[in-house]
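Enquirer: sequence plus the predicted model coming up.
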Amino acid sequence: MSAPRIVARAANVGLVLFGTAIVVVLGTGGARIDLPFVSIGLRRLAPPTTFFCFFAALRLLVGSRHSGIEAWLVTLLARQGLPPRDAPTNPPAGARAGFLLGAGFGCVAAGADLVRLAAATPRPAPPLDQYLALIASVGVLGVALGGAAGVACGLVVALAARFARHSPGRYEAGRWTVAGLTILAPGLLWLAPLAGRADHTPFVLLSAASAVPVGLALAFVLGPAAVVRARRGRWGLAVGVIVALAMGLALMMTLALGPTGLYGPAREANYPNVLLVTISGLRWDHVAGPASDGRFTPTLTALGARGASFRTAVSTSTAVGPAALSILTSLYPASHGLRGPGERLRPGVEGLPLALAAHGFRTAAFVSCSALNGRETGLADLFEHYDDPTAFQDWLGRTALGSIFVRSSGRPPLRLRTAEETTAAFRIWSEAMPPGPWFAWVEFSDAAWPRPAHADPAEDTTGGGAWAARIDGPVPLAPSWAAPEDRERPLADWVHGYREALRRVDRAVDALQRIVAARGEQHHTLIVVAAEHGVPLGEGGYWLEPGRDLSEGVILSPWIVAGPGVRPATSVAGPASLVDLAPTILGLIGLGGGSAAEGEDLSRHLLVGRRVERDPQSGPVFAETAGEEGTPRLRAVRFGRWKLVRLPGGRERLYLAEDGVDSELATPRGSVERERARLSDMLTRRQSDEAEFVSSPSS
């Protein structure tokens with residue numbers, strides 16, 4: 001028996017063995033083998049696929065165009081007017097043929113990649129425009145990468161043939177090029193990012209696998225034949241191919257969007273809607289403080305007048321991500337897992353959106369800054385629909401082809417979108433929403449990263465708090481995120497820019513209310529407004545950049561509640577924490593608070609017909625800095641009017657906090673010293689509980 005026939009027999013055996021292994025993995029979703037050194041899901045599918053492609057390439061190299069599947073394919077193409085070319089090849093011809101073959105492989109890979117993403121994506125998928133852009137982007141990447149690989153393989157084959165003084169025909173050179181592309185193809189499986197368990201299910205794996213033979217047939221058999229026949233005036237096959245492609249696109253859309261459309265049928269439940277608006281950077285004294293006159297936030301001031309507000313609401317963190325998760329999960333940062341950059345929501349943590357979804361609510365989030373990247377932080381796992389400035393990049397990164405581009409581009413800079421743009425995203429979602437209860441979280445970031453604007457001296461030197469007298473002259477320390485051309489701007493311009501940002505956000509809140517009113521649900525929607533954190537305006541020597549201290553201007557948050565069942569013109573005393581927000585919302589709409597919550601249900605102080613006054617000496621509530629870029633984390637505890645801040649070295653500072661102003665008590669004695677010791681013990685116990693929770697295996 002000749003050597004080529006022996007190699008062909010061995011290749012056949014390898015194809016059968018590893019083809020069977022692929023079928024087993026596809027059929028079980030990778031759940032049958034559970035050895036610690038074997039990976040799961042698509043990774044478990046990659047090793048047998050790699051060997052299968054190796055033996056397929058080997059079979060191509062030793063096969064003959066006169067027998068087997070090659071002979072059938074050659075005959076079929078010849079009948080369609082595409083006879084194999086036996087003319088000698090050269091590097092330009094090899095590169096041209098390699099590009100065409102590689103582009104075909106890239107189209108097949110892109111199709112399988114998109115089918116896998118569509119089958120694994122929780123509903124709803126991205127908006128239609130983003131979904132179509134995603135299909136186009138992955139298709140272009142597939143053609144570009146496949147074409148580049150094909151050109152490389154074609155040139156290598158042509159140059160190797162010339163070096164060996166062999167002159168292969170174009171069909172033979174093309175077969176070698178296809179063999180090279182076949183060996184490279186499994187690399188996509190190793191690159192494919194695994195978003196979660198959904199990627200490992202048999203349905204997802206079988207859907208992606210079934211796209212491969214269909215794509216191969218369209219790219220290398222039916223597609224070329226349809227083109228040739230169409231040029232001869234015979235359009236039947238061309239129409240059939242177009243219909244097949246349209247059906248494939250419709251299938252992907254159906255897999256992603258669901259058979260009932262983008263949001264499915266209406267859900268009937270007797271609960272009010274909930275609109276949660278958080279405004280990063282909004283200071284308490286610009287809305288509810290003694291110096292606030294409503295000039296900068298008239299909508300919020302009016303909302304507080306027709307609803308209830310908390311006099312002293314304390315944020316849990318000086319960073320937007322940890323504070324936002326505390327609002328949504330009713331957990332302090334150490335409990336939910338996101339305390340600083342690079343961290344994310346701890347697995348198994350549920351929150352307000354999931355609790356409401358369990359009772360029939362549609363849930364959606366619309367955020368303005370990429371610091372709240374839904375995929376990186378885990379926030380998207382809490383919502384049915386999550387819309388942020390990096391949404392398209394996240395979807396692209398979930399594909400194998402797109403992940404190559406996303407990884408190579410590095411970590412993107414902070415991206416912001418205006419309050420108007422975020423409001424427009426909410427409007428689009430609202431207009432497509434069928435009747436039924438819904439929960440929407442809308443986050444505005446304009447005030448957290450303001451740009452300086454030309455100041456009006458008459459306006460910026462009067463009112464607005466005790467800090468107003470300090471805004472003359474240059475800015476002492478420009479924010480780290482300031483543009484180079486803005487670093488020398490006067491401090492008055494920065495303060496005016498901050499106030500202009502507040503005005504834009506206030507108008508956006510008014511627009512949100514009008515959108516709700518246009519749905520006919522103005523009196524059936526609970527509106528809650530809070531701030532993840534404020535910004536310093538001179539406290540501690542910092543301006544407009546939180547994260548480095550725990551002054552009242554940073555950690556105090558306005559908290560306003562208005563809507564059905566809420567007693568108007570109500571002011572609730574005593575320190576409250578933003579971890580109390582989620583259980584309070586659940587209490588207001590008639591649902592339980594949840595056993596995992598660290599917050600308190602304060603709805604009894606807000607409801608009509610229940611006038612339960614809150615003790616001003618309430619607490620304790622806790623706050624911390626984010627500890628960014630290696631900076632040690634500061635911790636604080638607030639109880640009544642007293643606030644204790646623990647510095648990284650263990651040194652403690654006691655403050656009397658009233659009306660948003662810190663007054664340090666440098667040498668506490670007597671009863672004041674007893675208060676300091678009591679707060680110190682509270683903070684120590686809290687840190688001890690956090691350390692035990694983080695180190696426990698169940699966490």
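Expert: Structure's in. What do you need?
Enquirer: quick check: closest non-adjacent residue to Trp429.
Expert: Leaving aside its chain neighbours, Trp429 sits nearest to Ala364 (5.5 Å; criterion: Cβ to Cβ, 6 or more residues apart in numbering). All C-beta spots, glycine's among them, are computed from the backbone N, C-alpha and C.
Enquirer: contacts for whichever strand or helix holds that neighbour?
Expert: If you go by DSSP states H and E, Ala364 is part of strand 362-366. Residues outside strand 362-366 that contact it (Cβ atoms under 8 Å, 6 or more residues apart in numbering) are 263, 267, 353-354, 356-357, 374, 379-380, 382-388, 422, 425-426, 429, 433, 436-443.
Enquirer: next SSE downstream of it?
Expert: The C-terminal neighbour of strand 362-366 among helices and strands, as given by DSSP H and E, is helix 374-377.
Enquirer: helices or strands up against that following helix?
Expert: Applying 3 or more Cβ pairs under 8 Å, 6 or more residues apart in numbering; DSSP states H and E, one finds that helix 374-377 contacts helix 391-397.
Enquirer: from the contacts of strand 362-366, which land in strands?
Expert: Within the contacts of strand 362-366, residues falling in strands by DSSP state E are His385, Tyr386, Asp387, Trp438, Phe439, Ala440, Trp441, Val442, Glu443.
Enquirer: contact partners for Val62?
Expert: Contacts for Val62 were tallied using Cβ under 8 Å, 6+ apart; they are Pro4, Val7, Ala8, Ala11.
Enquirer: could I get these as JSON lines with secondary structure and distance to Leu654?
Expert: Converted to JSON lines, these look like this (DSSP: H, G, I helix; E, B strand; the rest coil; distance: Cβ to Cβ, whole Å):
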{"residue": "Pro4", "secondary structure": "helix", "distance to Leu654": "87"}
{"residue": "Val7", "secondary structure": "helix", "distance to Leu654": "83"}
{"residue": "Ala8", "secondary structure": "helix", "distance to Leu654": "85"}
{"residue": "Ala11", "secondary structure": "helix", "distance to Leu654": "79"}
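Enquirer: burial count for the residue nearest to Trp429?
Expert: The local packing of Ala364 (other Cβ atoms under 10 Å) involves 23 other residues.
Enquirer: ok, it to Glu652 distance?
Expert: 43 Å (Cβ to Cβ, to the nearest Å).
Enquirer: now do the SS call for Pro341.
Expert: For Pro341, the secondary structure call by DSSP: H, G, I helix; E, B strand; the rest coil comes out as coil.
Enquirer: sheet partners, orientation included, of the strand holding Ala364?
Expert: Sheet pairing of strand 362-366 (DSSP bridges) gives strand 385-387 (parallel), strand 438-444 (parallel).
Enquirer: can I get it in PDB, CA atoms only?
Expert: What follows is strand 362-366, C-alpha atoms only, in PDB (Å, rounded to 0.1, in the frame of the first residue of the first chain):
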ATOM      1  CA  ARG A 362     -39.900  44.700  33.300                       C
ATOM      2  CA  THR A 363     -36.400  45.900  34.300                       C
ATOM      3  CA  ALA A 364     -34.100  48.200  32.400                       C
ATOM      4  CA  ALA A 365     -31.100  50.500  33.200                       C
ATOM      5  CA  PHE A 366     -29.800  53.500  31.300                       C
END
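Enquirer: tell me which residues in that strand are buried?
Expert: Across strand 362-366, burial judged by 16 or more other Cβ atoms under 10 Å covers Arg362, Thr363, Ala364, Ala365, Phe366.
Enquirer: how about stretch 611-629?
Expert: Arg614, Ser618, Gly619, Pro620, Val621, Phe622, Ala623, Glu624, Thr625, Ala626, Gly627.
Enquirer: for the record, mean pLDDT for it?
Expert: Summarised as a single mean, pLDDT over stretch 611-629 is 81.
Enquirer: list the contacts of stretch 580-597.
Expert: Contacts of stretch 580-597 (Cβ under 8 Å, 6+ apart): 271-272, 274, 276, 327-331, 349-352, 355-356, 359, 526, 528, 530, 559, 561, 563, 565-566, 579, 599-604, 606-607.
Enquirer: if we use 7 Å, what do you get?
Expert: Contacts to stretch 580-597, defined as Cβ atoms under 7 Å, 6 or more residues apart in numbering, come from residues 271-272, 274, 327-330, 350-352, 355, 359, 526, 528, 530, 559, 565-566, 599-603, 606.
Enquirer: ok, Thr433 - how many residues close by?
Expert: One correction, residue 433 is Met, not Thr. 18.
Enquirer: so how far is Asn273 from it?
Expert: For Met433, the distance to Asn273 (Cβ to Cβ) stands at 10 Å.
Enquirer: equivalent analysis for Thr570, please.
Expert: Taking Cβ to Cβ, one finds Thr570 at 21 Å from Asn273.
Enquirer: repeat that for Ala219.
Expert: As defined by Cβ to Cβ, Ala219 lies at a distance of 48 Å from Asn273.
Enquirer: returning to that earlier point: closest one to Val509 out of the buried residues of strand 362-366, please.
Expert: Nearest to Val509 out of the buried residues of strand 362-366 is Phe366 (Cβ to Cβ; 13.0 Å).
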